[in-house]
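Peer 1: A structural model of the following input is requested.
(chains A and B)
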Number of protein chains: 2
Amino acid sequence: MTAYAAPLTDMRFVLDEVADLAGIAKLPGYEEATSDLADAVLEEAGKLAAEVLAPLNHSGDQEGAAFENGVVRTARGFREAYAQYVESGWNALPFDPDYGGQGLPWTLATVVQEMWNSANMSFALCPLLTQGAVELLQAHGSPEQKDLWLPKMISGEWTGTMNLTEPQAGSDVGALTTRAEPRDDHYLITGQKVFITYGEHDLADNIVHMVLARTPGAPAGTKGISLFLVPKVLVNEDGSLGPHNDLRCVSIEHKLGIKASPTAVLAFGDSGGAVGTLIGEENRGMAYMFTMMNNARLAVGVQGLAIAERAYQQALAYARERSQSAAVGAKDPTPVKIVNHPDVRRMLLTMKSQIEAMRALIYVTAAALDRAKREPDEAARARAQTTADLLIPVAKAWSTDLGCEIASLGVQVHGGMGFIEEAGAAQHYRDARIAPIYEGTNGIQALDLLGRKLLRDDGAGMAALLDEMRATLADLETLKGKEITALRGALGEGILTLEAAGDYLLETGKQEIAEAAAGATPYLRIFGTVAGGWLLAKGAAAAARRLAEGAGDPGFLQAKLATGRFYAENVMPQVAGLTMQVITGAGSTLALDEALL
Amino acid sequence: MTAYAAPLTDMRFVLDEVADLAGIAKLPGYEEATSDLADAVLEEAGKLAAEVLAPLNHSGDQEGAAFENGVVRTARGFREAYAQYVESGWNALPFDPDYGGQGLPWTLATVVQEMWNSANMSFALCPLLTQGAVELLQAHGSPEQKDLWLPKMISGEWTGTMNLTEPQAGSDVGALTTRAEPRDDHYLITGQKVFITYGEHDLADNIVHMVLARTPGAPAGTKGISLFLVPKVLVNEDGSLGPHNDLRCVSIEHKLGIKASPTAVLAFGDSGGAVGTLIGEENRGMAYMFTMMNNARLAVGVQGLAIAERAYQQALAYARERSQSAAVGAKDPTPVKIVNHPDVRRMLLTMKSQIEAMRALIYVTAAALDRAKREPDEAARARAQTTADLLIPVAKAWSTDLGCEIASLGVQVHGGMGFIEEAGAAQHYRDARIAPIYEGTNGIQALDLLGRKLLRDDGAGMAALLDEMRATLADLETLKGKEITALRGALGEGILTLEAAGDYLLETGKQEIAEAAAGATPYLRIFGTVAGGWLLAKGAAAAARRLAEGAGDPGFLQAKLATGRFYAENVMPQVAGLTMQVITGAGSTLALDEALL
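Peer 2: Below is the predicted model of the structure:
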């Protein structure tokens, strides 16, 4: 396996030219996010990722998390790495300064998250889950709950989890049956939860579980779900640790990937009930969950991007080092580095161009979340929220599907070595595979995009986004060069295609929702592909201007243009076929009787 | 994990209606391949696959092959299963009756091979490698070599291997350095070979290695490679086993998948040289290899199909058993089986339709190999050989790419359970990943299709194949129904697209071979997709006629039509975008300087 180096130049370019970090830093409360601070944060995070987390990625995978007698031991080095991560203050980056957070924008936190996940996805999952728990508490906890729990969760001394899934309640959260009986000032929780990421581990002294459960007499389905804070170890009023709560880890899963990240089965209340406190009001648990869902889904999209970046770095290093066969059509029989073979180049550029497209879309989505929170003008906040809501399912599903595809290409570039675990490419292929599944399967994301995002406002938000794309298209008219021409052509086609598919779904969704649903996944793919092309075009325009001005590294800027052109000519052509699928394909998806499958 | 049941109805349908088994059975030497015999063979093979091999698939993966002190121990049950496989005579199916073979057509052997690989790909690799060794010996061995080795290799009592790869010589076989020094009536072999499938194991008393090596003073590159038979255990003239040869297994690989199949590093000649005998003439080794390459590449394509079929069966069973969420748009909140959700249905039909397309293409390719060997008319043999040569790289690369994609969809259908190893879907995702790599990477297949198949005869063979497709198109004109209409439209478009992409490559290949090479992979994908659609259309036409006649199971025939329509409307639309890639995308693949990747 090879080292990881954070792609600081591209990260910074996207932040500046596409996600408008300078604009974010002008929002009230984000003034500290200056260009200098961003540089410092990115550089330091890059060091921790490269020097501490990345070297534990392969060993963590090989060793895995171990379970014995109810106790989970993480792989060698993870405890020390986590201690260093907490010590350096990284966990506090985007959180509330009143409780020890640094209050920096999600845009910046997202870039740093990309690094943790590229370096070591199994490790990065622990802070990712803590993040969700912190957000829930920040938004819905009582002042007492916040005072007692937030400081140590924000610092990372204690970690957090999300306890939603039960064996019969996966995508269908409303089917959960864990019970919560009121008792004095707290509740007693009884039930079993599965697939709990970092549900048990040895990295921290306490684990704060956010648990969905039903109180007696609660309505059926999602309307009868309440949210509870249930710690592994009870905490006294002075903040000191008390006795162990009535919950235990029954087992951890034997998984395809992210093996260093323990996925726990948790049993609550074997001895009468685990002590939990209600967050907010009864029966509002699902509504609360939505407040953290956007960030959590974006974070999983980041994993798709991150694993793709790591797979690319590894494949590129291998392709530059491995000699095999003469150059195609060459008289000289001397073997050349395989990076020079056209088919290998095609694979590498397929990886690289889509990675850059994903990075742009994800940072732009994070910026929209920041604006939705901090724009001084209410209408601007609402517009940003609409953009974020539209982009979130795409950032999650499109990026994680691409994460798998790109990790698979990374294996292929390695040839036979790709299949050998010691080489490391195979781990990315295995690790990447979870991201299209958890935090709402990609099919669920597509239905969310269709139902809650496109249909709910009758296409208004989407129309506004298409207008933004058209503005970029108009800007491209002012520039020259074969790369710009290619991007302009592809983007123009792409916008029309995305609009046509959306119009069809708006129409069909009103009459035949099942038929629209059958087209939801190809529609999301069109959306991601075109939106990625739009933002690559935006970046290319900036690169062309910088080149004309003589500002910046000409090699990097030229690569930006060439990569955009590759995407325009090799990736964007997919959308026409996908649109056919949306418009004419759904009927045949539903035509065959289930018994005849 | 779930059971495997051979899809006998579809296999038989494709044999009869698409691959023309009845026509094959009229060829001289294949008269025994009657309809009744085919039924018996398929049914019995299906039983062995389902009852003996499939139950060892998951346990074999979990246990893996073990290496200790130079000895490889296969997973529990493999020895007994292999003994039963040999005992029942399966290994001898397609081989020369003069040496104990049954002389049945490859068409039938291919169907049986699909079953072995669906049931247990790790197991099936052992006979697959023996097959290659037998073919080499049948075609190029001396009468003495054949007499001594073939009977026990054909029966399967002894197994065979292919020893091509060395650390510096993978795709570039010509770079190998293993030496062969003449000594009396034999050669002494010295060198190291890697990635040797079943290079060492405990299933048989002897392993017959087919080893590529260089004799002293041989020309550089592929023109100086000779082929040697080097047994693990030397054999006396009377056929009894003698002393162990001077070769040993150094280690076996720690792989992503096919873990029950030992992949060996073999050291030849640590104590002076392993005894080998020359096959054929010196320096003709690579030419001999080509005689087995078509069958071997087709066999790997079969693996792509087979693993996809297994993944589909498992995903379908899960989707029929798992309840989650109400039906989309339904008032009734009762959870339904997920097979009823449109997005799950889309995934299942994407799997099913492409599996049926692959099966048709693979059986048709096998039939072309049979005809190329046995057609009484020389021109007919040559035509069949051209067809086989064209289809082989497509059957290999397209089917194995799809194998990975379909195994990945199989994971996705399972949701969270897909990522848990006990469920079994993850194993298919891991196992499938090797097939695009070995027996010539899929990039090599695409270059083979472009260079040796399309360009070499200036598109003549391709033009003939397009004519065959047009004949099917004309036949569809005589039929009615929305499925036929959809297939006719898609096939008509597909033929034009495939032709346009090929014409462009024929033109470009003469001037800019690197640019043509950059388009080779998308071209192969177009080829596979359109050829698959062509053969599904052929099957659909037959199904429509059978339905009209009232012959056969109407449910199966209706499903055949509906599945064809799904493919026409959801898979075939990809080809337009791929054609853009071939025609306009190659320039940008090569534009960016390697240093800027």
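Peer 1: Can I get the lowest-mean-pLDDT helix or strand in chain A in CSV? Just the C-alpha atoms.
Peer 2: Ranking every helix and strand in chain A by mean pLDDT, DSSP states H and E puts helix A:586-591 at the bottom, with a mean of 92. Provided in CSV are the C-alpha atoms of helix A:586-591 (Å, rounded to 0.1, in the frame of the first residue of the first chain):
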residue,chain,number,x,y,z
ALA,A,586,-39.8,2.7,-15.8
GLY,A,587,-42.7,0.9,-17.4
SER,A,588,-40.7,-2.2,-18.1
THR,A,589,-39.3,-2.1,-14.5
LEU,A,590,-42.8,-2.7,-13.2
ALA,A,591,-44.3,-4.9,-16.0
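Peer 1: Now do the same for A:Gly329: its pLDDT.
Peer 2: pLDDT recorded at A:Gly329 is 88.
Peer 1: gap between the residue in the stretch 101-250 of chain A positioned nearest to chain B and A:Thr165?
Peer 2: Residue of the stretch 101-250 of chain A nearest chain B, by Cβ to the nearest Cβ: A:Asp172 (4.3 Å). Every C-beta, even on glycine, is put in place using the N, C-alpha and C of the backbone. Using Cβ to Cβ, to the nearest Å, A:Asp172 is found at 10 Å from A:Thr165.
Peer 1: and what of A:Asp147?
Peer 2: 30 Å.
Peer 1: quick one: which of the two has more around it?
Peer 2: Remark: of A:Asp147 and A:Thr165, A:Thr165 carries more neighbours, 20 against 13, as counted by other Cβ atoms under 10 Å in any protein chain shown.
Peer 1: surely that one meets A:Lys193?
Peer 2: Yes. Counting by Cβ atoms under 8 Å, A:Thr165 does reach A:Lys193; the two are 6.4 Å apart.
Peer 1: those helices in the stretch 351-500 of chain A, which residues are they?
Peer 2: With DSSP state H, counting those that start in this stretch as the criterion, the stretch 351-500 of chain A has helices at A:378-413, A:425-432, A:442-448, A:460-476, A:482-511.
Peer 1: in the third one, what counts as buried?
Peer 2: Put plainly, it is helix A:442-448. Of the residues in helix A:442-448, A:Asn442, A:Gly443, A:Ile444, A:Gln445, A:Ala446, A:Leu447, A:Asp448 count as buried by neighbour count, 16 or more other Cβ atoms under 10 Å in any protein chain shown.
Peer 1: List the contacts of the first one.
Peer 2: If you count contacts by Cβ atoms under 8 Å, 6 or more residues apart in numbering or on different chains, A:Asn442 has them with A:Lys396, A:Ala397, A:Thr400, A:Asp401, A:Pro436, A:Thr521, A:Leu524, B:Gln412.
Peer 1: most neighbours, which of these?
Peer 2: Counting by other Cβ under 10 Å, top hit in the contacts of A:Asn442: A:Lys396 with 35 neighbours.
Peer 1: quick one: low-confidence ranges for the stretch 401-550 of chain A?
Peer 2: Within the stretch 401-550 of chain A, the set of residues satisfying pLDDT under 70 is empty.
Peer 1: For it, which residues are neighbours of chain B?
Peer 2: Residues of the stretch 401-550 of chain A lying close to chain B by Cβ under 8 Å from any Cβ of the partner chain are A:404, A:408, A:411-412, A:415-416, A:418-422, A:426, A:429-430, A:433-434, A:436-438, A:441-443, A:446-447, A:486, A:513-515, A:517-518, A:520-521.
Peer 1: Counting neighbours, which of those residues end up buried?
Peer 2: Buried among these by 16+ other Cβ under 10 Å: A:404, A:408, A:411-412, A:415-416, A:418-421, A:426, A:429-430, A:433-434, A:436-438, A:441-443, A:446-447, A:486, A:513-515, A:517-518, A:520-521.
Peer 1: pLDDT weak spots in chain A?
Peer 2: Within chain A, the stretches with pLDDT under 70 are A:1.
Peer 1: List the contacts of A:Arg248.
Peer 2: By Cβ under 8 Å, 6+ apart, the contact list for A:Arg248 reads A:Gly70, A:Leu266, A:Ala267, A:Asp270.
Peer 1: As CSV, these with neighbour count and distance to B:Val41 would be great.
Peer 2: Below are the contacts of A:Arg248 laid out as CSV (neighbours: other Cβ atoms under 10 Å in any protein chain shown; distance: Cβ to Cβ, whole Å):
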residue, neighbour count, distance to B:Val41
A:Gly70, 11, 54
A:Leu266, 26, 52
A:Ala267, 18, 52
A:Asp270, 13, 56
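Peer 1: Dump those to TSV, plus secondary structure and distance to chain B.
Peer 2: As requested, those are arranged in TSV below (DSSP: H, G, I helix; E, B strand; the rest coil; distance: Cβ to the nearest Cβ, whole Å):
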residue	secondary structure	distance to chain B
A:Gly70	coil	20
A:Leu266	strand	15
A:Ala267	strand	18
A:Asp270	coil	23
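Peer 1: quick revisit: which of the helices of the stretch 351-500 of chain A is buried the deepest?
Peer 2: Of all these, helix A:425-432 has the most neighbours on average by mean count of other Cβ atoms under 10 Å in any protein chain shown, namely a mean of 28.
Peer 1: who's in contact with that one?
Peer 2: A:1, A:57-58, A:61, A:121-122, A:256-258, A:303-304, A:307-308, A:310-311, A:314-315, A:318, A:400, A:403-404, A:406-408, A:410-411, A:413-414, A:417-421, B:255-256, B:430, B:433.
Peer 1: so how far is that helix from its chain's centroid?
Peer 2: Centroid separation between helix A:425-432 and its chain, computed with Cα atoms, centre = their mean, to the nearest Å, is 16 Å.
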